Structures are given as C-alpha cells and as structure tokens.
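Colleague: have a look at this fold, sequence not included:
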Ligand SMILES: Nc1nc2c(ncn2[C@@H]2O[C@H](COP(=O)(O)OP(=O)(O)OP(=O)(O)O)[C@@H](O)[C@H]2O)c(=O)[nH]1
Ligand SMILES: [Mg+2]
Ligand SMILES: [Zn+2]
C-alpha cells in the first residue's frame, strides 16, 4: 500500500518531466532508495509491475533501484557509523545523542526516455 | 534511441510544490486547513466531535473524512450541523495535496474559517505526504503505548501538535507521558503536546485554546 502510493507520486513527477521534454515513452527509471527509508525494494518492484499496466507513460519502463546505506552521526563523539548495524546507539561512546545523516531518501535519479 | 535525463529529484518534491501552492491559496482565502492523523481507533472522530461542539458558535467549519469507515464518521459529524464530505482516496493509504485540493473544491469552502481533514488511519504514509494543511495534528492514545515516537519518528517530526488521548484510562496502562513527551521533543522540539480525554473532556480546553489562536493567527 505504502509503496504503491509512492509509485503514483513518482508517475506524477514523470508526467511533468515528460511534458517539459516532450517525451512519450520511458525506457527505465532509476531510483535511489535509502536503506532506512522504510521502502521495501521487493514490494516496490511488485507494485511497479502492477502499476505500469495502468499507466501509459511507464508501460515499458524498467525499474532500477540503487540502495543507499544508512549513516548516523553521533553528536557526542562526532563520529559517523552504519545505521543498520548499530541503530540509535553510538558504537563508539554508547550514547544515543545521534541523528541520521543519510539513508532516508527516495530520489528519482534519472530516466531513459524518448 | 532512448536518451538519459538526469532528474535528481526527491520523490516527494512534486507533492511538496503542490502543497505549498495550496497553502498560499488558503492564506489568501483566510481558510485554515487542519490535517488530523493517527492510527485507527485512537479517537479521531470522538475528538473531532468534541472540538466541533466547542467551536461551532465561534467558527464556520467543515470536515473532510478520508477514513475508510468514513461513512459512519461523516454521519456522526453531519448530525452536528457541520458541513461534511467523504474523500475518496481510491484505495490509497494517504491523501496528497492534489486530492486535498479536489476535496476542498468539491466541498465548497466559501465563508468557512476552518476545515479539518480526518486523514487515513495509519502512522506511516500520511506523514510522508504534505496535504497542504496549515498545521498537522496527530493523536496518540494511551492504549497504543508510549513507544510510538520511536517506531514512527516521521509522524512525530511533521506534527505541530500531539494530542495524547484517553488519559482517563492511564491507571490501566504503563504509559509514561513524561518520558513519551521527552522522546517527542527529541524528534521535534517545537511540538505542542496536550494530554486529553475526549471522553471526560479533561485537557480539551488547552487544545481548543491553541486551535482558536492558530486560526486567528492565520487569518491576520
Ligand atoms: N476511554 C476513552 N475512550 C475513548 C476516548 N476517545 C475515544 N474513545 C473510544 O475509542 C474508540 C475509538 O474512537 P473513535 O473516535 O471512533 O476513533 P477513530 O480514531 O475515529 O477511529 P477510526 O476512525 O476507526 O480510525 C471508541 O470506542 C471511543 O469511544 C477517550 O478519551 N477515553
Ligand atoms: Mg474515525
Ligand atoms: Zn558517540
């Protein structure tokens, strides 16, 4: 459900890009998805397969997903570490005064189209 | 041959542009749109009814119901004599700015001061899509547990107000309001937190005062 909502949103952006650049067919869409964005790539792929049958512009578009790792910054010891491995607690100083720097995004990186 | 077009745009950027445009129009029309979010059963409808009862002599209001059980909810609210419509999300888990704009047009907002949108009951998707509302309010109810800010951080980051509802049942649950408020403020230092009971009316006045002030501010 969640993934489908995002795909509908993506096709709205793609429609705008297509109009500006006078494109009629999209061959591929490359997305950058953060590891901790809450988006599950396999669900995303399923929703894509479902939705492209309903949407003319992306009917033949292949979905390419690039995963971006989650990176957290610790304000106490000012180091960065892997979010997925350690979570909220800093592995260096064991404090939780940390915040996510990267890995929460969902970006349309590029498309191939004509 | 296909050609490569660099896009480098956040998936939500397009919706955010639409939402900002809608907010600007609302400002010109002096109309305050409130986006109400929560999990199912946290007390959105009960809180809404209480709020409408308190304000119906002070403000002209409308309600948009995006909830799946909206037909029941819309009926409860129409009985109060408040303008109501049912928003169709087309099976979607959230409302975006486009859908919100359409719903406002369909309802007709001339001479309204305040429109409250009861968003789809879920703590994930509605938080990601800016509806164009002036303020976001979420309801967290005591039985849901005080760990929700940790599990659904984005929802708390985007909420201007958190209503901690059902405080009348506090004795039966190990919900630590103070600790929970701390977690919420870590995510969103500016969030206003009002513990309320929509059943007994406890704490409701604080929330009403905030809302009236926010609407007046917006209409200045
Ligand atoms: N004890 C207690 N019960 C409450 C309170 N507020 C709501 N309830 C009860 O909680 C249940 C759900 O309330 P609703 O107002 O329907 O919740 P909702 O969020 O609109 O629910 P959905 O629209 O189904 O997602 C009802 O049985 C209410 O009577 C409260 O402050 N205290
Ligand atoms: Mg309801
Ligand atoms: Zn540290």
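Modeller: The structure has been received and is ready for your questions. Note that the structure is a prediction, hence the values are computed from the model and not measured. Ligands and ions are numbered 1, 2, ... in the order given.
Colleague: and the strands in chain A, which stretches?
Modeller: A:26-34, A:62-68, A:71-74, A:80-82, A:98-102, A:106-113 (DSSP state E).
Colleague: same deal with chain B?
Modeller: Going by DSSP E, chain B shows strands at B:3-10, B:32-38, B:61-65, B:83-86, B:114-118, B:135-141, B:161-165, B:192-195.
Colleague: so, low pLDDT: which residues of chain A?
Modeller: Within chain A, the segments meeting pLDDT under 70 span A:1.
Colleague: let's go with 80 and repeat that
Modeller: Along chain A, the model assigns pLDDT under 80 to residues A:1-2.
Colleague: tell me the residues of it that contact chain B?
Modeller: Within chain A, the residues that sit near chain B (C-beta under 8 Å from any C-beta of the partner chain) are A:1-2, A:4-6, A:8-10, A:12-13, A:16-17, A:21, A:23, A:27-28, A:31, A:38, A:105-114. Any C-beta I mention is one placed from the backbone N, CA and C, and that applies to glycine too.
Colleague: from those residues, list just the buried residues.
Modeller: Neighbour-count burial (16 or more other C-beta atoms under 10 Å in any protein chain shown) applied to the residues of chain A next to chain B gives A:2, A:4-6, A:8-10, A:13, A:17, A:23, A:27-28, A:31, A:38, A:105-113.
Colleague: what pLDDT is listed against residue B:67?
Modeller: Residue-level confidence at residue B:67 comes out at 65, pLDDT.
Colleague: nope, residue B:96 is what I was after
Modeller: 89.
Colleague: please report phi then psi for it.
Modeller: With angles defined as degrees, to the nearest 10, residue B:96 sits at phi -110, psi -180.
Colleague: spit out the contact partners of it.
Modeller: A:9, B:15, B:18, B:19, B:129, B:130, B:131 (C-beta atoms under 8 Å, 6 or more residues apart in numbering or on different chains).
Colleague: in helices, which of these appear?
Modeller: Here DSSP state H is the test, and the contacts of residue B:96 give A:9, B:15, B:18, B:19 as lying in helices.
Colleague: could you measure from the residue lying closest to the third one once chain neighbours are set aside over to residue A:9?
Modeller: The spatially closest residue to residue B:18, leaving aside those adjacent along the chain, is residue B:97, at 3.8 Å (C-beta to C-beta, 6 or more residues apart in numbering or on different chains). Residue B:97 is 10 Å from residue A:9, where distance means C-beta to C-beta, to the nearest Å.
Colleague: got it, and residue B:46?
Modeller: Applying C-beta to C-beta to residue B:46 and residue A:9 gives a distance of 32 Å.
Colleague: from memory residue A:23 sits against residue A:112, does it?
Modeller: No - taking contacts as C-beta atoms under 8 Å, residue A:23 lies outside contact range of residue A:112: 10.0 Å.
Colleague: need the residues touching each of these two.
Modeller: residue B:5.
Colleague: what sits against residue A:41?
Modeller: A:33, A:65, A:67.
Colleague: how many residues are close by the first one?
Modeller: Residues lying near residue A:33 (other C-beta atoms under 10 Å in any protein chain shown) number 23.
Colleague: next: residue A:78.
Modeller: 9.
Colleague: now it: how far from residue B:150?
Modeller: 24 Å.
Colleague: could you measure from the closest residue to residue B:35 other than its chain neighbours over to ligand 2?
Modeller: Nearest residue to residue B:35 in three dimensions, chain neighbours excluded: residue B:133, at 3.6 Å (C-beta to C-beta, 6+ apart). Computed as C-beta to the ion, to the nearest Å, the residue B:133 to ligand 2 distance reads 18 Å.
Colleague: report the contact partners of residue B:133.
Modeller: B:23, B:33, B:34, B:35, B:100, B:117.
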